[in-house]
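Colleague: Build the 3D model from these lines:
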Amino acid sequence: QLKDKNLTVVVTEIATITAETGNELQRIRQKSGVGNIALLYKFASMDQAETFSDAHTALIARRPFNYREFARTLAAVSRTDNLLRHSLSLPPHRFSRKLLTNLAVMSPVLACECPRHTAEIIMELSDFEKYSADCEQTKPADAAIHNMLRRTAAMSRALFEDALIALAEEEDIDLDEAQQG
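Modeller: From the prediction side, this is the model:
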């Protein structure tokens, strides 16, 4: 019996993510009474991984991995109170690179440089998000920390995208027109 009122995350390891993985995760949740699962795996395509990742499932490392590093990562994840921030579902990019570049070079309407700076920050966060994702692939031993960095960059980018929308409304900047510019 795995049920423990102090247990907040179940860590499970599988060799390959398959079509059966979703059923396996559900059985683990039912048996443990815990909703959050940290899933360690060796083989899967990104599409397969994204299929089985949800708000309560974190694919945090590929095995083999350094168990001490894993323990540090798991400790960091548990400090967030849950795994909601660590699922594979990342906020989508709402602006094209072209639109952000156009905003970055646009002359300010009210002598406000905030649209330019905000567009630059979004581009930099997007670049770091991609860099972190690339590191996950090229440095499997460090995948968990790079995954966390990618998610942090994506969440930050999404907040700045919200800010850019509000800023565009305040400054009367037509984002559709800026896309064409």
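Colleague: And the helices in this structure, which stretches?
Modeller: 21-32, 46-52, 67-78, 97-105, 114-138, 143-170, 175-180 (DSSP state H).
Colleague: Where in the protein is the helix or strand with the lowest mean pLDDT?
Modeller: helix 67-78 (a mean of 60; mean pLDDT, DSSP states H and E).
Colleague: of all the helices of the chain, which lies closest to P91?
Modeller: Ranking the helices of the chain by proximity to P91 (CB to CB) places helix 143-170 first, at 3.7 Å. C-betas here are computed from N, CA, C, even on glycine.
Colleague: where in this structure is pLDDT low?
Modeller: For the chain, the stretches with pLDDT under 70 are 1-7, 46-47, 50, 52-55, 58-89, 107-111, 140-141, 181.
Colleague: any idea which residue sits dead centre in it?
Modeller: Central residue of the chain (CA atoms, centre = their mean): R151, 2.8 Å from the mean position.
Colleague: any idea how far C114 is from N102?
Modeller: Distance, C114 to N102, using CB to CB, to the nearest Å: 15 Å.
Colleague: Which one's more surrounded, the two?
Modeller: Under the neighbour definition other CB atoms under 10 Å, C114 and N102 were set side by side, and N102 has more, 18 against 14.
Colleague: What lies in contact with stretch 154-166?
Modeller: For stretch 154-166, contacts defined as CB atoms under 8 Å, 6 or more residues apart in numbering pick out 85, 90-91, 93-95, 103, 115, 118-119, 121-122, 125-126, 129, 175.
Colleague: ok, 7 Å please
Modeller: R85, L90, P91, R94, F95, T118, A119, I121, I122, L125, S126, E129 (CB atoms under 7 Å, 6 or more residues apart in numbering).
Colleague: Most neighbours among the residues you listed, which one is it?
Modeller: Neighbour count (other CB under 10 Å) singles out I122 as the most crowded of these, with 26 neighbours.
Colleague: And for the closest residue to it other than its chain neighbours, the neighbour number?
Modeller: Once flanking residues are discounted, I122 sits nearest to F160: 5.0 Å by CB to CB, 6 or more residues apart in numbering. F160 is flanked by 22 other residues according to other CB under 10 Å.
Colleague: how much space between F160 and R116?
Modeller: Distance, F160 to R116, by CB to CB: 13 Å.
Colleague: now A166
Modeller: Distance from A166 to R116, by CB to CB: 16 Å.
Colleague: Give me the more crowded residue out of the two.
Modeller: More neighbours surround R116 than the other of A166 and R116, with 16 against 10 (other CB under 10 Å).
Colleague: That one reaches A104, doesn't it?
Modeller: Yes: R116 lies in contact with A104 (CB atoms under 7 Å); the separation is 5.1 Å.
Colleague: shared neighbours of those two, anything?
Modeller: By CB under 7 Å, 6+ apart, no residue touches both R116 and A104.
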